[in-house]
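Trainee: pasting the sequence and the predicted model now:
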Amino acid sequence: MEFLTSHFVAVRRFVVGAVIFVCFGLQAFAADTYRIVHVYPHDRQAFTQGLIFLDDHLYESTGINGKSSLREEDLETGRILLLKDVSEKYFAEGLTDWGNTLIQLTWQAHVALVYDRTRFRFLHALQYDGEGWGLTHDSKNLILSDGTATLRFFDPATFKDLRHVTVKDHGKPVPQLNELEFVHGEIYANIWHSDRIARIAPATGKVLGWIDLSGLLPASERSSDEAVLNGIAYDAAHDRLFVTGKLWPKLFEIKVIPGEKMPGPARRPK
């Protein structure tokens, strides 16, 4: 999830295995795939940590100490319409909206920065324990990922930690949950250093399926090993899904193609 330099401790990469579950007497589904609907320009210098779509514009949180920012961008051109640099003491992370505000996480500073959405005027900070990676919300709560297999639900007004769920795929925890987006009643989550997005049930943490985005941006167009898939934004008004990555020169509108049902082994007669 985080940019690895000589100043950071190396973290073992997590690679999501093939999501095909074959069990006696059951059926499984192959991972969903995608179709590219449109390609838009994206700032290849942006270390994307959070991405949302509101009022026909993208809002983006970028990371790295001394380079972190909050941005409003024009979708069609990628032009930055409004920019706020974040203090160099913060490594900015996930981003979501709540009412007329934007809430931006920080990685290890234990604070969320709250801004007026119109002008990016800083309003106040909210405290939380642990690391901040991704952030989204449902109709009642803010939902935070911290790099583990846990999703935490917070009161938007007080930032009180209300509950948590452990994300599991067929009983096995799925760690390194990263950028989040709430789509059609499900939580979509990037998995750090993976080209897959997990679709998660908010009530239980159960993985409902996977979206395989392999090949979306070829390795030849990625500037470093840290130029990984990270950034999910949903346009609820027009049912559009956007994805991008850290240091990616492109942002993609995609259509998710459901995976086919895979028949399980036939039952043996009793």
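Mentor: Nice, I can see it.
Trainee: can you give me the strands for the stretch 1-150 of the chain?
Mentor: Counting by DSSP state E, counting those that start in this stretch, residue ranges of the strands within the stretch 1-150 of the chain are 28-29, 33-41, 48-54, 57-62, 69-74, 80-85, 92-98, 101-106, 111-116, 122-127, 134-137, 142-145, 150-154.
Trainee: closest to residue 203 out of those?
Mentor: With Cβ to Cβ as the criterion, residue 203 lies closest to strand 150-154 of these, at 10.4 Å. Bear in mind the C-beta positions are built from the backbone N, C-alpha and C, glycine included.
Trainee: strand partners (parallel or antiparallel) of that closest one?
Mentor: Sheet pairing for strand 150-154, assigned by DSSP bridges, gives strand 142-145 (antiparallel), strand 161-166 (antiparallel).
Trainee: which residues touch it?
Mentor: When contacts are defined by Cβ atoms under 8 Å, 6 or more residues apart in numbering, strand 150-154 is touched by residues 128, 141-146, 160-167, 177, 180, 187, 189, 200, 202, 205.
Trainee: return the distance of it from the chain's centre.
Mentor: Relative to its parent chain, strand 150-154 has a centroid offset of 14 Å by Cα atoms, centre = their mean, to the nearest Å.
Trainee: hang on, the earlier thing: what's the most buried one of the strands paired with strand 150-154?
Mentor: strand 142-145 (a mean of 27; mean count of other Cβ atoms under 10 Å).
Trainee: please export the C-alpha coordinates of that one as CSV.
Mentor: What follows is strand 142-145, C-alpha atoms only, in CSV (Å, rounded to 0.1, in the frame of the first residue of the first chain):
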residue,chain,number,x,y,z
LEU,A,142,-17.5,5.9,7.7
ILE,A,143,-15.7,2.7,6.8
LEU,A,144,-11.9,2.6,7.2
SER,A,145,-9.3,0.0,6.2
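Trainee: quick one: mean pLDDT for it?
Mentor: Averaging pLDDT along strand 142-145 yields 98.
Trainee: try stretch 236-252
Mentor: The model assigns stretch 236-252 a mean pLDDT of 96.
Trainee: tell me how far residue 223 lies from residue 254.
Mentor: Distance, residue 223 to residue 254, using Cβ to Cβ, to the nearest Å: 22 Å.
Trainee: that older thread, turn the strands paired with strand 150-154 into a markdown table, including distance to residue 241.
Mentor: Listed next are these as a markdown table, based on distance: least, Cβ to Cβ, whole Å:
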| stretch | distance to residue 241 |
| --- | --- |
| strand 142-145 | 18 |
| strand 161-166 | 23 |
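Trainee: mind checking those strands for the one nearest to residue 79?
Mentor: strand 142-145 (29.2 Å).
Trainee: any residues touching that closest one, and which ones?
Mentor: 94, 96, 98, 103, 105, 128, 132-137, 151-156, 159, 177-180, 182, 187, 189, 202.
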